[in-house]
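Sequence and predicted structure, then a few things I'm wondering about:
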Number of protein chains: 2
Amino acid sequence: MSPRIGLDRAALLQAATEMADAHGLESVTLASLAQRLKIRSPSLYNHVNGLPDLRRELALSGLVKMAESFESVLAETSGDEALRAMSRAYLSFARQHPGLYEAVQRAPDPEDRVLRDAGGRVVGLIVRTIQTYGLQGDTAIHAVRGIRSLLHGFVTIERQGGFGMPLDLDITFRLLVETFIAGIKTLREQAEAER
Amino acid sequence: MSPRIGLDRAALLQAATEMADAHGLESVTLASLAQRLKIRSPSLYNHVNGLPDLRRELALSGLVKMAESFESVLAETSGDEALRAMSRAYLSFARQHPGLYEAVQRAPDPEDRVLRDAGGRVVGLIVRTIQTYGLQGDTAIHAVRGIRSLLHGFVTIERQGGFGMPLDLDITFRLLVETFIAGIKTLREQAEAER
DNA sequence: TGCTTAAACTAATGATATTAGTTATATTAA
DNA sequence: TTAATATAACTAATATCATTAGTTTAAGCA
């Protein structure tokens, strides 16, 4: 009936993304993806180099989307507001694309240059945001690690439903970011006092 | 040759734990576990109710170990030092038992009462530690969520090798915890000022 | 109109989890 | 000491995956 359905890598990625975001990364197998696309699973190999490659593609797509989102909000803000906006964007991304976020985390191969660069782009934007606070060398690195820990931890626990209490999570998030901002400023003052 | 090898649920769990901690939770399959124990994989069903049950058992064991560790350090400390000690214990556990930590995260079934209680015990210890700061109602909940986010985030990113820079991670961790402690105190003062 | 390319296909293999039913040993009771 | 029972191991079989090899056929171009 139909070789040439009009399927391409992009359509395939799109479907995989929707499945991952809706039902978790685990739920996207070559079998389930093929079924959804109404083709047989071996046909997927015409577009993607197996399941690991598909997951890598999802991770890459997630990183690119994150970077674009961060760049967009950072272009319009500065100072504390930039860090707040970036944090909100981080949270929004994780909520809108839990499957892609999951794919990004399972960063498997540290040798993969393209993937590492995409990750570097995202981290670079966080670094840039933190740098506006004028921290000295090592302190800046610690601060970047700190905000990353806090954002990732919150987002992950929230997604798995780990926060039991019925108390507004957005408030917790804002408070956490504000506390961190206050902490950064304290660190800066301490560093300046030591000089 | 050998029905009655002397295998029991505990030995099985022990082996699975070692495999998970050494090579990741993914690496422990019924096939690989059976191979390691020198039995055929269907025989595992005499001790465990399939792979999901095995993973659940690992998660449970992880939660119990965490709770015991926290209880032990909290018995000997108080105030800021208690929060520091608990944080160190959290980090130590995640480093020593990455496989169990992973199992704990994949908390699958929210209906599982036993698992939830075990999780509640761990979170309860964190709550108790935070409560010594005398925060008011909601604020205490936010603070607990905050420290949990921060600890989990740090531990997770560290494990997956996400912190690129060659700068001592223990220092980052201490700094992060200290910053949070300072933040809690600020929150308390703000709350008191509002009253 | 015929050729080439590639996107779909079928068939087959190997790994996994799981179920059903069998065997044989360790423990317990007579 | 011996017989009965319980159970930990086993083999055989099935279903679901991912993956490879080889085939078919439609789309696009000469």
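That came in fine, so what should we check first? No experiment lies behind these values; they were computed from the predicted model shown.

which ones are touching the residue of chain A found nearest chain B?
Residue nearest to chain B within chain A: A:Gly153 (2.6 Å; C-beta to the nearest C-beta). Every residue, glycine included, has its C-beta placed from N, CA and C. Shown here is A:Gly153, whose contacts under the criterion C-beta atoms under 8 Å, 6 or more residues apart in numbering or on different chains are B:148-154, B:156.

Nearest residue to it in space, please, no chain neighbours.
Among residues not flanking A:Gly153 along the chain, B:Gly153 sits closest, at 2.6 Å (C-beta to C-beta, 6 or more residues apart in numbering or on different chains).

check which helix or strand covers the one you found.
B:Gly153 belongs to helix B:137-159 when elements are defined using DSSP states H and E.

So, low pLDDT: which residues of chain A?
Applying pLDDT under 70 to chain A flags residues A:1-4, A:195.

now do 80
A:1-6, A:107-108, A:191, A:194-195 (pLDDT under 80).

Tell me the residues of it that contact DNA strand C?
Counting by C-beta under 7 Å from any atom of the strand, chain A comes close to DNA strand C at A:2-7, A:34, A:38-40, A:42-43, A:45-47.

which of those residues count as buried?
Buried by 16 or more other C-beta atoms under 10 Å in any protein chain shown: A:7, A:34, A:39, A:47, out of those.

so what's the first one up against?
Read that as A:Leu7. Shown here is A:Leu7, whose contacts under the criterion C-beta under 8 Å, 6+ apart are A:37, A:39, A:47.

sec struct for it, please.
Assigned by DSSP: H, G, I helix; E, B strand; the rest coil, the conformation of A:Leu7 is coil.

Now the phi/psi pair for A:His47, please.
The phi/psi pair for A:His47 (degrees, to the nearest 10) reads phi -120, psi -20.

what would the buried ones among the residues of chain A next to DNA strand C look like in TSV with distance to A:Glu194?
Shown next, in TSV, are these (distance: C-beta to C-beta, whole Å):
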residue	distance to A:Glu194
A:Leu7	61
A:Ala34	61
A:Ile39	64
A:His47	57
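
quick check, nearest of those to A:Ala59?
Nearest to A:Ala59 among these, counting by C-beta to C-beta, is A:His47 at 16.9 Å.

That closest one touches A:Ala10, doesn't it?
No. Applying C-beta atoms under 8 Å, one finds A:His47 not in contact with A:Ala10, separated by 9.4 Å.

OK, contacts around the residue nearest to A:Ser78 when sequence neighbours are not counted?
Spatially, and ignoring its direct neighbours in sequence, A:Ser78 is nearest to A:Thr132 (6.8 Å; C-beta to C-beta, 6+ apart). Counting by C-beta under 8 Å, 6+ apart, A:Thr132 makes contact with A:78-79, A:82.
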